[in-house]
Structure formats: structure tokens, C-alpha cells
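[1] here is my input, please return the structure:
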Amino acid sequence: MNRSMEAHAMLQKKGFNVRSFGSGSQVKLPGPSPTVHNIYSFSTPYEEIYQDLVAKDKNLYTQNGLLNMLDRNRRVKPHPERFQEYKGLSDVIICCEERVYDQVYECNWFHRFFEFSVRENFLKNYVIKVAINVEEKFSVIKILMNTEMKHCHLVHIINIDIRDNHEEATCGALLFCHLCTLLEKSADLDNEIEEILSNFENICKRTILHTVSC
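    Here you go, the predicted model:
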């Protein structure tokens, strides 16, 4: 809601076709103490969250920047979105945290495999496990790639760790804009992305993770 939405707002202003998501089960915002949080569902409008916090303690949530953040968010889109519920296709997914990067990869792979399995009746003699091991995973990806290449849409999943505070969110959004500009200029992204990311890593002095999913 902070880092992803700051990047969303900035990329949108630059004309990119962009969406932003959370990956948790609920939206969790700081509360009046470290052990008390404000919890909302992903379908809760930003306007409703904003007004709820104003009613609870306007001074507190003004001082800690939450109201300013929510004001920005409600001008970008109506409500938070959860990645696990997104059914669309993406060319590039950029994450702000390695834990989320792992979640996105697993979720993206599982959804694509499930769709393929249903379409090809592949589930008849195969049981999907939530904690599927690496060997099984890549054997299935190989099957999918070999037999369904015409339906396979490659997506590049990238991670750059950004600390979850307002200052770092702004810095991260600038980095993402720069990176997306470089990626957009590529004439052959699938073959050039490793070199682009390596050069960008040297410039930004941050570790970049990258993988490809189908």
C-alpha cells in the first residue's frame, strides 16, 4: 500500500500501463501501538479506510503519514488489490521485498499450471500439492513449455528490496521508473533483460533478483 502505490502513481504519471498489488491475506496498517493494527479486507475502498482512520485519531494518523498516503492512494485507484486474485497477464512484475518475490513466483506458477491443467485435462492423474518440491515443479514447467508453448506467456519477475517507509518508497519509485524505462526501450526483452538488469544493478548499487515464469 505504501511502496507499491508510490511506484504505481509515479509510473502511471509517466504513461506506463501499470497495476499494483499486495500479497498478504489482509491489509494491515499501523495502529496506536506496535501491537495494535488497523486491519481491512482488500475490497475496502481507500476512501473508507481514510475516513475510518480520521474518525479513530486524525492527529495520530496525520503525524505518521498514513492519511497522506491514503489520500494519494485514493486518487490512483478505488481500493487495494491482492495479487493472488489477479487473473490477467503481465510482461514484467517488480517486487519490493524478497519474501513477496517468492510469493509472486509461486502464485504465478501455480495459477498458470492450474489453467493449463484444466484446459488439457492434465489433472486427471496428477495431484497438485501446495508445497510442491523443486524437482516436481520444474518437470511440470518443462511439460507445460514443451506442449503448450503457443499458450505460454513469459513474465519476468524482478525484486529490488525497498524499506517500507515513506522516504524509501519515493526512492524506490524513482528506481522503478528508471528501470521500466530501460526495459521498455529493449527491442528484445527476453534476450536482453539479463544485461539490462546487470547494468542497472551496478548503477543503483542494490541487489536485483530475477526469474522467469510462464
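
[2] okay, now the domains of this protein?
    Domains of the chain are assigned by automatic domain parsing as 1-21+84-214, 25-81.

[3] what is the end-to-end distance of the last one?
    End-to-end distance of domain 25-81 (Cα to Cα, to the nearest Å): 11 Å.

[4] same deal with the longest one?
    Between the opening and closing residues of domain 1-21+84-214 lies a distance of 26 Å (Cα to Cα).

[5] do the same with stretch 85-104
    11 Å.

[6] outside of it itself, list whatever touches it.
    Contact partners of stretch 85-104, identified using Cβ atoms under 8 Å, 6 or more residues apart in numbering, comprise 3-4, 7, 19, 21, 23, 42, 83, 108, 111, 153, 155-162, 164, 172, 176, 179-180, 183, 189, 209. All C-beta spots, glycine's among them, are computed from the backbone N, C-alpha and C.

[7] now the domains of the chain as JSON lines including mean neighbour count and mean pLDDT?
    As requested, the domains of the chain are exported to JSON lines (neighbours: other Cβ atoms under 10 Å; pLDDT from 0 to 100):
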{"stretch": "domain 1-21+84-214", "mean neighbour count": "15", "mean pLDDT": "79"}
{"stretch": "domain 25-81", "mean neighbour count": "15", "mean pLDDT": "97"}
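
[8] can I get the CA coordinates of the helix or strand where His210 lies in CSV?
    In this assignment (DSSP states H and E), His210 forms part of strand 208-213. Extracted in CSV, the C-alpha atoms of strand 208-213 (Å, rounded to 0.1, in the frame of the first residue of the first chain):
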residue,chain,number,x,y,z
ILE,A,208,18.4,-7.4,-8.1
LEU,A,209,16.7,-10.8,-8.2
HIS,A,210,15.3,-12.0,-11.5
THR,A,211,13.4,-15.1,-12.6
VAL,A,212,11.1,-16.1,-15.4
SER,A,213,7.7,-17.7,-15.1
